[in-house]
Each structure stands twice: as structure tokens, then as C-alpha cells.
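Chemist: Here's a sequence, model it:
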Amino acid sequence: MDKVLLGKQLRQIRIEKGLSQEKLSELVFISPRQMCLIENGNSYPSLDTFVRIAEILEIDINKFFSINSSENDNIRTSIIDMVKGLDRKKLPLLKDIIVAVDCH
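Modeler: Predicted coordinates:
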């Protein structure tokens, strides 16, 4: 997830919940400066901090990491179009890349 987008979303939810940046940072056990860096997109929160923020703001952290199915469909279509236009000599390389990325 993009740091700037994450920060903007967290700031918006914090404001909607009526919390100041200082109060949220106090509840999360981080400095106000660190909270400012997170909300401005200059820093990612640690996983522990992110979980505490989500608990305090009563948000589901999964929404920050999920891509909806229509986005997936668009991505798949775009990839298929790129593959269709690819030189046949490059197909084995593409296959190797996909296998390397998809190592379970």
C-alpha cells in the first residue's frame, strides 16, 4: 500500500472519529511526530502500531490490503493484452518470471 494513501485514509478516519492527532498518538503509544509522519505519508507504521491504530479507530485493517475483484479483472485483462502483443521469443522468459513470482 502507498504510504501517502494510507496516511490520508488514517487521517480521514481519525477526524471522523473526533480524535486529535495528539490524542491518537497517545492512545497508540507513539510520539505525535511519528503520527504526523504516518499521516503525511512519510513513514509506514510498524505492524503493531498499525494494529493499535485500527483497534482504536475501530477499522478493519483488511480493507487497506484488499483489491476488489473488478480491479483484479482489469489487471488480468491488461496483462493478457500485453502478452498477446509480446514477441514469441520473449514468452519463455515471461513464463519463468511468472513461475518465480508464483512460488508458493
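Chemist: chain center to stretch 22-39: distance?
Modeler: Chain-centre distance of stretch 22-39: 19 Å, with CA atoms, centre = their mean, to the nearest Å.
Chemist: how is this structure carved up into domains?
Modeler: 3-64, 69-101 (automatic domain parsing).
Chemist: Just put these in a markdown table and tack on mean neighbour count.
Modeler: Just so you know, the C-beta spots here come from the backbone N, C-alpha and C atoms, and that holds for glycine as well. As requested, those are exported to a markdown table (neighbours: other CB atoms under 10 Å):
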| stretch | mean neighbour count |
| --- | --- |
| domain 3-64 | 15 |
| domain 69-101 | 10 |
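Chemist: Would you single out the least confident of those domains?
Modeler: Here the lowest mean pLDDT among these goes to domain 69-101, at a mean of 85.
Chemist: now the end-to-end length of stretch 60-71.
Modeler: For stretch 60-71, the separation between the terminal residues is 20 Å (CA to CA, to the nearest Å).
Chemist: Ok, stretch 34-47 next?
Modeler: 14 Å.
Chemist: And the next helix or strand past the helix ranked longest in the chain?
Modeler: Assignment by DSSP state H gives helix 69-84 as the longest helix of the chain. Downstream of helix 69-84, the first helix or strand assigned by DSSP states H and E is helix 91-101.
Chemist: Can you give the contact residues for stretch 14-23?
Modeler: 11, 24, 27, 32, 35-36, 39, 56-58 (CB atoms under 8 Å, 6 or more residues apart in numbering).
Chemist: sorry, back to before: between the longest helix of the chain and helix 91-101, what angle do the directions make?
Modeler: Here helix 69-84 points in a direction 150 degrees away from that of helix 91-101 (axes from the mean of the first three to the mean of the last three CA atoms, to 10 degrees).
Chemist: What distance do you get for Gln21 to Val51?
Modeler: 19 Å (CB to CB, to the nearest Å).
Chemist: now Lys90
Modeler: Lys90 is 43 Å from Val51, by CB to CB.
Chemist: try Arg14
Modeler: From Arg14 to Val51 the distance is 15 Å (CB to CB).
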